[in-house]
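> sequence below, structure please.
(chains A and B)
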Amino acid sequence: MTEPILRVEDLVTQFFTSRGVVHAVDGVSFHVDEGETVAVVGESGCGKTITALSILRLVPEPGKIVSGRILFKGENVVEMDDEQVRNYRGNDVAMIFQDPMTSLNPVTKVGAQIKEAMTAHDRFSTVQATERVVPLLQRVRVPAAERRIKDYPHQFSGGMRQRAMIAMGLSNEPALLIADEPTTALDVTVQAQVIQLLKQLNRELGTAIILITHNTALVASMCSRVIVMYAGRVVEEGPVERIFARPEHPYTWSLLRSVPRVDEARKGRLVSIRGLPPDLVRLPPGCKFHPRCLFKVDRCLSDEPELEEVAPDQRARCWVKMSTVSEEARETAQKSELAFDVAAEIKKRMRSDARA
Amino acid sequence: MAGATAAAIQADSRDIVRVEDVYKHYPAAGGAVVQAVSGVNLNIRRGETLGLVGESGCGKSTLARLITALQPVTGGRIVFDGQELGKLRSRRLRRVRRQMQIIFQDPFASLDPRMTVGDIIAEPLDAFNLARGRERKTRVQELLRLVGLNPNFTNRYPHEFSGGQRQRIGIARALSVSPSFIVCDEPVSALDVSIQAQIINLLQDLQSEFKLTYLFIAHDLAVVRHLSDRIAVMYLGKIVEIADRVDIYEHPQHPYTKALLTSIPVPDPLIERDREPILLKGEIPSPVNPPSGCRFHTRCPIARAPGVCSEHEPVLEPHGHRDQLAACHFAGEA
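Below is the predicted model of the structure:
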């Protein structure tokens, strides 16, 4: 097997705040093969975005990569000097964000910005860069690209801005594209267009993609492998088909059953994960998911499990594992939480209010 | 033409809300007019959840504001519980208003940061003078427990709560005056997935417990379908299709409904491998200058050129199954 283009080894990224140390990324390891589409899923604060920013060496203050290695084609990104990092960003790896306005300059014309992204690196000459702008915008399906390069970002609609940002990200033909919630801010029909575009770029140019999202449906539609994060850790990973059919970690299982599906035939009940994600300054002992876990055993409260192989290519960090959980226990996870004694009281009052 | 549309939705004693040929226009820069809602006919039946979907700018939130009498209509009429909203004055309008409450999208913007949670929840009680002193306090505590919050939280402030908890506070406030009808305007789209499930389950439990009627507005068709009995699809200020939750998915009649449905990925990699989205051309036109004829014709995959679609406006009329209405000259064809 060939060496993966990206290998993250035991990455620890922390934020040093007045409240204490925020353990944003706490020992994350994974890899991305050439041309692969990998999803990193989890809720806000699970560390997925900070992992991505670490890969790009863009961790904002007061954050810092504390330990671990990030190997891009064998080279450790953590130890690169400024010149090397500048070369690596944009040329090798590019990132697109949820809100395109954060990465587009509002006072520079769209065409000029894309050109600048190319001339800032040394791959293309000024002449080449100028010639590439229009085809790039056409590639991401911006209609009337010759005319639109003279527009400012605010003259573009949300979907068009997202495309312009993708065009900019692709301008130096990076081997890896990191897309952080690229469709969340867009309307559904525009979402479909952007998903289609990313799939096509992966197929035609062989660009590897790390998709960062909380949307499990998007993962099923775009990715071949999935990494599930919780409290700064990888809690499960494996091929998409396997993870969706047989998740072993209770968090993965709950996450997949907590979202309604447009193709569901009946009005069912969703699995809700009770409580909130943990405070990353004061993490609970044992398994970090145990305070919200419906299937925990005594051991989960004190010992943290390792990420271990549970099936070919599938690894999970759990003492229990869903394959050992009974059908009944799974069903209780979907029971109502309404306080029925109070509901009865309120119902009585509603009748008297109605007369008032 | 408006008469024909209205006839398609017949008066029914089961209706709690009837929207009849309603228009809402806003002035825009340079003397232009934004046609936010443009001839909408709709009925909401007692005890049901009617889902309202559409993309940004389609007029769904404006329609909600008209139905809850927060804004007057420019044309047409809205009947709530047998009473025409536009004709009600002072005391009778207040009585009707108590029956309808709204839960908003952003639990951060919709709660006053300077008020305690107890006062926020009791504000509608005070406004309608329903409870004072001890009883007011008991009610607030009951409501907090009902929505799954600690009843001792009455003296805390909104910033001490997470997004999901704030949304529960918003729900408790809406329930405080014992309404029969609640508009949920994107109530979960600002929340994390696991928290979304908590709120969706809570809304379902409350509905079956208190026999509430919901108008559920969202851009996420999966969430809407999960909660709704019937679904109305809006495009550029008009209802283009309305049908039962099963019919709309199994045999949508309007090409826009089809495009919306096929646009949404499903959390199942095996299904996703074969899903072919119908990709629409371009983006939603401006409601200041909507296209002639059928407003969808500029993006429609089955529009016929030249002629019919760009010149004649289609009427919302029965197509497909029982109770299914669509506004398309070629309904069911693609």
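> output stretch A:57-74 as PDB, restricted to C-alpha atoms.
Extracted C-alpha coordinates of stretch A:57-74, given in PDB (Å, rounded to 0.1, in the frame of the first residue of the first chain):
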ATOM      1  CA  ARG A  57      -1.100  25.400  11.100                       C
ATOM      2  CA  LEU A  58      -3.800  28.100  11.500                       C
ATOM      3  CA  VAL A  59      -4.700  27.500  15.100                       C
ATOM      4  CA  PRO A  60      -5.800  31.000  16.500                       C
ATOM      5  CA  GLU A  61      -4.500  32.500  19.700                       C
ATOM      6  CA  PRO A  62      -4.400  31.600  22.500                       C
ATOM      7  CA  GLY A  63      -4.300  28.100  21.000                       C
ATOM      8  CA  LYS A  64      -1.200  26.000  20.300                       C
ATOM      9  CA  ILE A  65      -0.200  22.600  18.900                       C
ATOM     10  CA  VAL A  66       1.300  21.100  22.000                       C
ATOM     11  CA  SER A  67       2.400  17.700  20.800                       C
ATOM     12  CA  GLY A  68       2.000  15.200  18.000                       C
ATOM     13  CA  ARG A  69       3.000  15.000  14.400                       C
ATOM     14  CA  ILE A  70       1.100  16.000  11.200                       C
ATOM     15  CA  LEU A  71       2.800  14.300   8.200                       C
ATOM     16  CA  PHE A  72       2.000  15.600   4.800                       C
ATOM     17  CA  LYS A  73       3.600  13.400   2.200                       C
ATOM     18  CA  GLY A  74       6.000  12.300   4.900                       C
END
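> where does chain A have low pLDDT?
Residue ranges of chain A with pLDDT under 70: A:1, A:354-356.
> what's in contact with the longest helix anywhere in chain A?
In chain A, taking DSSP state H as the definition, the longest helix is helix A:188-205. For helix A:188-205, contacts defined as C-beta atoms under 8 Å, 6 or more residues apart in numbering or on different chains pick out A:35, A:37, A:139-141, A:158-159, A:162-163, A:166, A:170, A:173, A:177, A:179, A:182-183, A:186, A:207-209, A:211, A:218, A:221-222, B:55, B:219-221, B:259-260, B:262-265, B:277, B:279-280, B:283. The C-beta positions use only the backbone N, C-alpha and C, and glycine is treated the same way.
> quick one: which of those sit in helices?
A:139, A:158-159, A:162-163, A:166, A:170, A:218, A:221-222, B:221, B:259-260, B:262-263.
> out of these, who's nearest residue B:306?
For these, the closest approach to residue B:306 (C-beta to C-beta) belongs to residue B:259, at 22.4 Å.
> can you name the residues that contact the closest one?
Residues near residue B:259 by C-beta under 8 Å, 6+ apart: A:189, B:277-280, B:301.
> which helix or strand contains residue 243?
Chain wasn't specified; assuming chain A. Per DSSP states H and E, residue A:243 falls inside helix A:240-245.
> chain B is the one I meant
In the assignment (DSSP H and E), residue B:243 maps to strand B:238-244.
> can you count the residues close to residue A:285?
For residue A:285, the tally of surrounding residues (other C-beta atoms under 10 Å in any protein chain shown) stands at 11.
> and for the one 5 residues further on?
Counted with other C-beta under 10 Å, the burial measure for residue A:290 works out to 21 neighbours.
> then residue B:274?
Neighbours of residue B:274 under the rule other C-beta under 10 Å: 6.
> part of a helix, is it?
No: Residue B:274 is assigned coil when assessed by DSSP: H, G, I helix; E, B strand; the rest coil, not a helix.
> and residue B:202, what is it in contact with?
A:337-338, B:147-148, B:168, B:171.
> which single one of the residues you listed is nearest to residue B:318?
Nearest to residue B:318 out of the contacts of residue B:202 is residue B:171 (C-beta to C-beta; 36.2 Å).
> assign a three-state SS to that closest one, would you?
The three-state label for residue B:171, taken from three-state DSSP, comes out as helix.
> what segments of the stretch 101-250 of chain B are helices?
Remark: helices assigned in the stretch 101-250 of chain B by DSSP state H, counting those that start in this stretch are B:117-127, B:133-146, B:163-175, B:193-210, B:221-227, B:245-250.
> in a markdown table, list these along with mean pLDDT.
Output for these, formatted as a markdown table (pLDDT from 0 to 100):
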| stretch | mean pLDDT |
| --- | --- |
| helix B:117-127 | 93 |
| helix B:133-146 | 92 |
| helix B:163-175 | 93 |
| helix B:193-210 | 91 |
| helix B:221-227 | 93 |
| helix B:245-250 | 94 |
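> so can I have TSV of those helices showing distance to residue B:43?
As requested, those are exported to TSV (distance: least, C-beta to C-beta, whole Å):
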stretch	distance to residue B:43
helix B:117-127	26
helix B:133-146	30
helix B:163-175	22
helix B:193-210	18
helix B:221-227	18
helix B:245-250	16
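> where does pLDDT dip in chain B?
B:1-11, B:305, B:334.
> residue ranges of the strands in it, please?
Per DSSP state E, chain B carries strands over the ranges B:15-27, B:33-45, B:49-53, B:75-80, B:83-84, B:100-103, B:181-185, B:213-218, B:230-235, B:238-244, B:317-318, B:325-326.
> list the contacts of the strand holding residue B:243.
With C-beta under 8 Å, 6+ apart, strand B:238-244 has contacts from B:38-42, B:59, B:229-234, B:248, B:252-254, B:256-257, B:295-296, B:316, B:320-321, B:323-328.
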